[in-house]
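1. Starting from these lines, generate the structure:
(2 chains)
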2 protein chains.
Amino acid sequence: MKGFQIFNRASTAITNRATPSKLLIVLTFGAAGGAFLAISDDSPFRSLTAGESGNDGGKKKKLVVLGTGWGGTTFLKNLKTSAYDVHVVSPHNYFTFTPLLPSVTNGTVEARSIVEPIRNIVRNKPYNVEFKEAECYRIDPVNKKVYCRSIQNLGHGENEFALDYDVLVIAMGARVNTFNTPGVEEHAHFLKEVDDAQKLRRSIIDCYERASLPTISDEEKKRIMHFVVVGGGPTGVEYAAELHDFASQDLASLYPSLKDYLKITLLEAGNHILPMFHKKVTDFANEKFQKDQIDVKTGSMVVKVSDKDISTKNRATGQIEAIPYGVVLWSTGIATRPVIAEFMEKIGQAGKRVMATDEWLKVQGCDDVYALGDCASIAQRKALEDAAAIMKTVDKNNAGAVDVGDFKEFVKDIYERYPQVRKYLEKNKLKNFESLLRNAQGDSQKKIDIEALKKALSEVDSQVSFLPPTAQVASQQGKYLAACFNKAGRCEMKPEGPFRFQESGGRYPFHPFSYKHSGQFAPLGGEQAAVQFPGDWVSIGHASQGLWYTVYASKLVTWRTKVLVVSDWFRRFTFGRDSSHL
Amino acid sequence: MKGFQIFNRASTAITNRATPSKLLIVLTFGAAGGAFLAISDDSPFRSLTAGESGNDGGKKKKLVVLGTGWGGTTFLKNLKTSAYDVHVVSPHNYFTFTPLLPSVTNGTVEARSIVEPIRNIVRNKPYNVEFKEAECYRIDPVNKKVYCRSIQNLGHGENEFALDYDVLVIAMGARVNTFNTPGVEEHAHFLKEVDDAQKLRRSIIDCYERASLPTISDEEKKRIMHFVVVGGGPTGVEYAAELHDFASQDLASLYPSLKDYLKITLLEAGNHILPMFHKKVTDFANEKFQKDQIDVKTGSMVVKVSDKDISTKNRATGQIEAIPYGVVLWSTGIATRPVIAEFMEKIGQAGKRVMATDEWLKVQGCDDVYALGDCASIAQRKALEDAAAIMKTVDKNNAGAVDVGDFKEFVKDIYERYPQVRKYLEKNKLKNFESLLRNAQGDSQKKIDIEALKKALSEVDSQVSFLPPTAQVASQQGKYLAACFNKAGRCEMKPEGPFRFQESGGRYPFHPFSYKHSGQFAPLGGEQAAVQFPGDWVSIGHASQGLWYTVYASKLVTWRTKVLVVSDWFRRFTFGRDSSHL
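-> Sure thing, here's the model as predicted:
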């Protein structure tokens, strides 16, 4: 483990130096290291551009990546620089193609087909990489260390270790949000990992086998065969639909005496299932589920889960009802992991709902740390906050007021730095930024002063929104961040980002992250799906399910998983789903 | 569960009648039942022939089958009579194609590909069938009941239940023989079930991940990466070979730093690995393993297993050595399950090494109970014991001595009833039974008296041997027993079995079970295998591995498993084995 020793020595040397901030600095790395200019201020790129020194044989920077989900894996897959020694820490030594977890649960797809060992993914990359099957339980941004523990219970001081980092990428995802509902942790199933899917699958088969025993009363059979899904989002809806297909297409003929006992219930606290979809989709799903005898209960909040009952509160009437169940799946959204919450306190983000990064995915209030995927959220800079800086930039002569035309030079930068401007223009059917200014200006003869600019920008910021915690977002962020790392050297010399209004430092090296939504699926069972494309273009039915197959097959990370999943689908079409208790 | 109530009532009615024995009896089953003649004595068929009454609308007999391994499943698959209500009790709701377990362990084949749900197998059979996922823990041959407990921990009196039977088929297999070696149960892996294979697989990956942690010392790494296989039989040898392939072909490139720490050791207490094979095979395997750096230690008896060390005793020197290990697989043979041992005590078989059945698979000392596969062994009737009966039959005139030619009429029956006779003739290159008699007779002029016959038969019985506890034997027995059940009515009217020398009751209804050995494989890794056909015809190499693929693909029980396993092989050839910790 020579590499590891070098790493230790190097990182000790590096972490001992002072942390530079808000100034132009020159960093020198040892004898062999080159000297590089790096723009600091709030720039996310200090660590990146400095890291290029690895190219010329000097000590490489230590890049630690936490997590191998969508964000972490896409980042690792796209990272193509030799400037780093990469250490990956994750409790799973594989990446999971999570959109197919509901399929694994019902045996449509094999668990092994949707995973890919991380070591396979990072093989033959230009960077050195070491993987550690462990869980990070503490991040120390002051000493630049992460503390990890093995997921195997090793004892004898072998279980825990610390890693130094020069650059840290946090992609640890989120935990399931139980809203502190009593009994959920103990009794409910989740659906975030392959393990979860396998456990859930076994529990369903367990129920069928248990209900087949001669000792079970009729009433107990009814309880055992009642499967409850909590949460009417895409995952909950897809699972309920797939479970219905599994039960009616495969299990019904194998357990004919239990057919009449089966019941599937979908509980949703809000007023609609699939709230993020167009009303057409919600209506279709409701109708389909009614036909399939899946009982959809909206406005139904779960207040307690015991080993045999799930207690719900009707939000309209306040009535509390205890429903006996056999298996309950909890799929209601996500919350911050404890390790991230503790880290947020250290970096001054205490009390925030989710860890905030800037538009370049750098964690706010912390140097050299990036975060992507479900564990963080981009805090989009409000345009209004920068009104004075923008005015100062445009008003070159310090006249106190400028013509609308004077903004022309900076419009592209404004659009890029504050994407909410464009969204606002689109929403309000305004032609361009100038139209917005003219509206604020009132009189077309008047010049634009700071007040008019503020008035224009104040409305714009209403369009700032959070990105959804989806695989699509995480993987685009992973790809984006890797690209930044890859081109750090080049972009530092020739920045490609927008103009830096707040500072007088020219341009940002990189474009900020920009999410391109390509649509969302909601498989509804019976080989039907709904898909909603940007612009609320909706398609529902068998063709959409066909599209679902096509898209998911093409999105699988490796050729191996592609072939495996597609052949799993063929197997299922040919032989049905397996009901063995495996 | 109406069927179950009827079953209970009917079985109570049936089990209350007196047990007839050693006489010609007439059984009548209720109003609708027909009357059948059934020859009793030690006949295994009383229950079968009487069972035919189910055909004409009467109460069907209750057939309970314990176990869904090779014996039980082949029996159920081939049972084609509507005369029974069949209840199957097994802790696994699926059949496992056990010869491919070593492949599952190393990811060459997917676990789900080698299992088939029992409910699928018995679907569309002419008999009624109910499956119970439970474990039989007591057999009561007096009251004809089996006591079972669910494999799920249900509590509240739901966990245990009893089933009455009219006919019982025991096919519960055997447990692993630990020879009471301390620590084996706690620390060693077994390889009898799919669960075992999955656990073993995870443990290997665990070791690789653990050894990759920065906290592990070099010495500890060596220990963790030492995989020990105890038992040089076909399973142990195949596992060691497959593990070597997995490690060298797939894991070596993913965990390059661990390549030099890997060590595989095969411990065998005897003098040779693969002792049941021809010397050519053993020699080839030894050579191949030496080349592959698999350390084969023969004459090495395991005396203790702790959590980190396995202690062996050199049988030649008596020296005891403690070897540090990461994973140990225990694969040394089988022993009787406690439930069977308890049952054997009840039926007067206490102290026997294994439960004895007659040549028709009926358990000795117990009516209406059959046993097949690893849980029982056929106690071949000794010819010598029947010498007087044979003499009495042949010596029609009670002359005290007969001509050699007088045996002619009964030679075929003797061959069938005492297959050891033929084996003896073959081994000693004798032309036929008459040659044997003539040899015993000494003088060709003399007639054969009882002493001469005894002399002839006494040597013959040395050829009596036990069948090996293999899938091949169990499945042939299952098929055979099902055929007996299927043709019970016909064969009772028109018996097809050999002449009954001991009694004066004509012929046995069925031919006794006769095992047809079709050869045995020993896969040796690197796409090479050894195969030994009857007559010690041996083939070793890549062609044999090809044959292995062909034979195993064709032997898989259903089309589904055939296609799945073959496509798994293609997947493996194309993409290698998966190293995810699943």
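
2. When you work out contacts or count neighbours from here on, use the C-alpha atoms and nothing else.
-> Noted.

3. Can you tell me who A:Thr265 pairs with across the strands?
-> A:Val228, A:Asp295 (DSSP bridges).

4. count of neighbours near it?
-> The number of residues packed near A:Thr265 is 19, by other Cα atoms under 10 Å in any protein chain shown.

5. do you know how far the residue lying farthest from the centre of chain A is from A:Leu200?
-> Distance from the C-alpha centroid of chain A, by Cα atoms, centre = their mean, peaks at A:Gln445 (48.0 Å). Remark: distance between A:Gln445 and A:Leu200 (Cα to Cα, to the nearest Å) = 68 Å.

6. Same question for A:Pro99.
-> On the measure of Cα to Cα, A:Pro99 and A:Leu200 end up 16 Å apart.

7. what does A:Asn93 give?
-> Taking Cα to Cα, one finds A:Asn93 at 21 Å from A:Leu200.

8. if you count what's nearby, which of those two comes out ahead?
-> Ranked by neighbour count (other Cα under 10 Å), A:Asn93 and A:Leu200 place A:Asn93 first, with 26 against 23.

9. which residues does the more buried one contact?
-> A:Thr68, A:Pro117, A:Ile118, A:Arg119, A:Phe131, A:Lys132, A:Glu133, B:Ser580, B:His581 (Cα atoms under 8 Å, 6 or more residues apart in numbering or on different chains).

10. can you rerun that using 10 Å?
-> Contact partners of A:Asn93, counting by Cα atoms under 10 Å, 6 or more residues apart in numbering or on different chains, are A:67-68, A:115-120, A:131-134, B:205, B:209, B:579-582.

11. Out of the residues you listed, which sit inside strands?
-> A:Val115, A:Glu116, A:Pro117, A:Phe131, A:Lys132, A:Glu133, A:Ala134 (DSSP state E).

12. from what I can see A:Leu66 touches A:Ile170, true?
-> Yes. Contact criterion Cα atoms under 10 Å: A:Leu66 and A:Ile170 qualify, at 5.0 Å.

13. Please compute how far the helix or strand containing A:Val302 lies from its chain's middle.
-> A:Val302 belongs to strand A:300-305 when assigned by DSSP states H and E. Relative to its chain's centre, strand A:300-305 lies at 26 Å (Cα atoms, centre = their mean, to the nearest Å).

14. Quick one: residues contacting A:Gly535.
-> A:Gly535 neighbours (Cα under 10 Å, 6+ apart): A:Gly519.

15. that older thread, list residues touching both of A:Leu66 and A:Ile170?
-> Contacts common to A:Leu66 and A:Ile170, judged by Cα under 10 Å, 6+ apart, are A:Gly72, A:Val89, A:Ala371.

16. List just the nearest of those to chain B.
-> Chain B has its nearest neighbour among the shared contacts of A:Leu66 and A:Ile170 in A:Val89, at 10.2 Å by Cα to the nearest Cα.

17. The closest one: what secondary structure?
-> Secondary structure state of A:Val89, per DSSP: H, G, I helix; E, B strand; the rest coil, is strand.

18. For A:Leu168, see how far away it is.
-> 11 Å.

19. joint contacts of those two?
-> The contact lists of A:Val89 and A:Leu168 share A:Val64, A:Val65, A:Leu66, A:Val146, where a contact means Cα under 10 Å, 6+ apart.

20. Quick one: residues contacting the nearest residue to A:Ala134 once chain neighbours are set aside.
-> Spatial nearest neighbour of A:Ala134, excluding adjacent residues (Cα to Cα, 6 or more residues apart in numbering or on different chains): A:Ser150 at 4.1 Å. Contact analysis of A:Ser150 by Cα under 10 Å, 6+ apart lists A:89-91, A:132-136, A:158-161, B:209-210, B:213, B:215.

21. how far out from the middle of the chain is stretch A:490-497?
-> 28 Å.

22. Show the end-to-end separation of it, please.
-> End-to-end for stretch A:490-497, by Cα to Cα: 12 Å.

23. tell me which residues in that stretch are buried?
-> Neighbour-count burial for stretch A:490-497, counted by 16 or more other Cα atoms under 10 Å in any protein chain shown, picks out A:Cys491, A:Glu492, A:Pro495, A:Gly497.

24. Output those as JSON lines; include the columns distance to A:His272 and secondary structure.
-> Below are the buried residues of stretch A:490-497 laid out as JSON lines (distance: Cα to Cα, whole Å; DSSP: H, G, I helix; E, B strand; the rest coil):
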{"residue": "A:Cys491", "distance to A:His272": "47", "secondary structure": "helix"}
{"residue": "A:Glu492", "distance to A:His272": "49", "secondary structure": "helix"}
{"residue": "A:Pro495", "distance to A:His272": "46", "secondary structure": "coil"}
{"residue": "A:Gly497", "distance to A:His272": "41", "secondary structure": "coil"}
